[in-house]
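Engineer: Predicted structure and sequence below. I'll ask about it afterward.
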Amino acid sequence: MKDKDNPMLEVRDLKVSYGAIRALLGISLKVTRGEIVCVIGANGAGKSTLMKAIMGEVKRESGEILFEGKPLPPIPYEVVSLGISLVPEGRRVFANLTVYENLLMGAFPRKDRENIKSDLEWVYSLFPRLKERNNQYAGTLSGGEQQMLSIARGLMSRPKILLLDEPSLGLAPLLVKEIFKELKRINQEGVTILLVEQNAKQALNISHRGYVLQTGRIVLEGSSRELLEKEEVVRSYLGETKASREDLKDRTR
């Protein structure tokens, strides 16, 4: 990728604890402009804590986070104003507001109010179902539609980098494929993405690079293609072995 030596986002030796529970044990990662970078791992590995630490929602015990070469303040509204937006786990749409009102909430930090209308059309082009349900209350949408709305709301702040926390959680396989297809398109349209996800196969299939997080530590990293071929990733996160994969290939030739 471009600008490898000048990452957009860099996490250095980050440690986070919840009282006596150590959630992150000194992790480091980089996201370069234009990339999709994924962090995969089991439930409880520390993926959501990483996202919350970047956004300033949990206290950093030690380490640092740099954005465009400068220390990232641990204050959520300042993080958003610098160009980082989080699509949280569990969607968290404003149930009593319409789709349109939810999207306007996403644009709240912006100063270029004149461009909001064109960005509404952009997110509607990504997720046409949202335009169909423009005046519908968000709480009445299906789970998949709420996830689309959560992503679209995050994009309405026009972020330089979009963070996504478990976007496939609770969705049917067909909807997961649709969501990940749109994430790839969003990236192709210029948005850098950091994605944490239990669905390792989908995450690695759309990303450029990946990290494997295990009980608060990064245990593997590399290109997504490399990680898809690593025996420990295949066995632990893809539910198969290299041998079974090769056997399937032989039987389908």
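Structural biologist: Cool, the structure landed. Fair warning: this is a prediction, and the values are worked out from it, not measured in the lab.

Engineer: residue boundaries of the strands in the chain?
Structural biologist: Assignment of strands within the chain using DSSP state E yields the ranges 9-18, 21-31, 36-40, 62-67, 70-71, 84-87, 161-165, 192-197, 209-214, 217-223.

Engineer: Could I get those strands in CSV, plus columns for mean pLDDT?
Structural biologist: Putting these into CSV (pLDDT from 0 to 100) gives the following:
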stretch, mean pLDDT
strand 9-18, 97
strand 21-31, 96
strand 36-40, 97
strand 62-67, 97
strand 70-71, 96
strand 84-87, 96
strand 161-165, 97
strand 192-197, 96
strand 209-214, 96
strand 217-223, 95
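
Engineer: okay, those in CSV with mean neighbour count and distance to residue 152 next?
Structural biologist: In short, each C-beta sits where N, CA and C put it, glycine included. Output for these, formatted as CSV (neighbours: other CB atoms under 10 Å; distance: least, CB to CB, whole Å):
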stretch, mean neighbour count, distance to residue 152
strand 9-18, 18, 22
strand 21-31, 18, 21
strand 36-40, 26, 18
strand 62-67, 16, 23
strand 70-71, 8, 29
strand 84-87, 25, 9
strand 161-165, 24, 11
strand 192-197, 25, 14
strand 209-214, 22, 25
strand 217-223, 15, 29
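
Engineer: Quick one: closest of these to residue 174.
Structural biologist: Closest approach to residue 174 among these (CB to CB): strand 192-197, 17.1 Å.

Engineer: what's next to the closest one, contact-wise?
Structural biologist: 8-9, 31-41, 47-48, 50-51, 54, 160-168, 183, 186-187, 203, 207, 213 (CB atoms under 8 Å, 6 or more residues apart in numbering).

Engineer: Adjacent strands (with direction) for that strand?
Structural biologist: Using DSSP bridges, the strands paired with strand 192-197 are strand 36-40 (parallel), strand 161-165 (parallel).

Engineer: Output those in JSON lines, with distance to residue 87 appended to each entry.
Structural biologist: Shown next, in JSON lines, are the strands paired with strand 192-197 (distance: least, CB to CB, whole Å):
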{"stretch": "strand 36-40", "distance to residue 87": "14"}
{"stretch": "strand 161-165", "distance to residue 87": "5"}
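
Engineer: rewinding a little: mind putting the strands of the chain into a markdown table with distance to residue 133?
Structural biologist: Shown next, in a markdown table, are those (distance: least, CB to CB, whole Å):
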| stretch | distance to residue 133 |
| --- | --- |
| strand 9-18 | 33 |
| strand 21-31 | 32 |
| strand 36-40 | 27 |
| strand 62-67 | 34 |
| strand 70-71 | 40 |
| strand 84-87 | 18 |
| strand 161-165 | 21 |
| strand 192-197 | 25 |
| strand 209-214 | 34 |
| strand 217-223 | 38 |
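
Engineer: any idea how far the nearest residue to residue 172 once chain neighbours are set aside is from residue 123?
Structural biologist: Nearest residue to residue 172, sequence neighbours excluded (CB to CB, 6 or more residues apart in numbering): residue 144, at 7.2 Å. According to CB to CB, to the nearest Å, residue 144 and residue 123 sit 16 Å apart.

Engineer: cool, and residue 84?
Structural biologist: Note on residue 84: its distance to residue 123, by CB to CB, is 18 Å.
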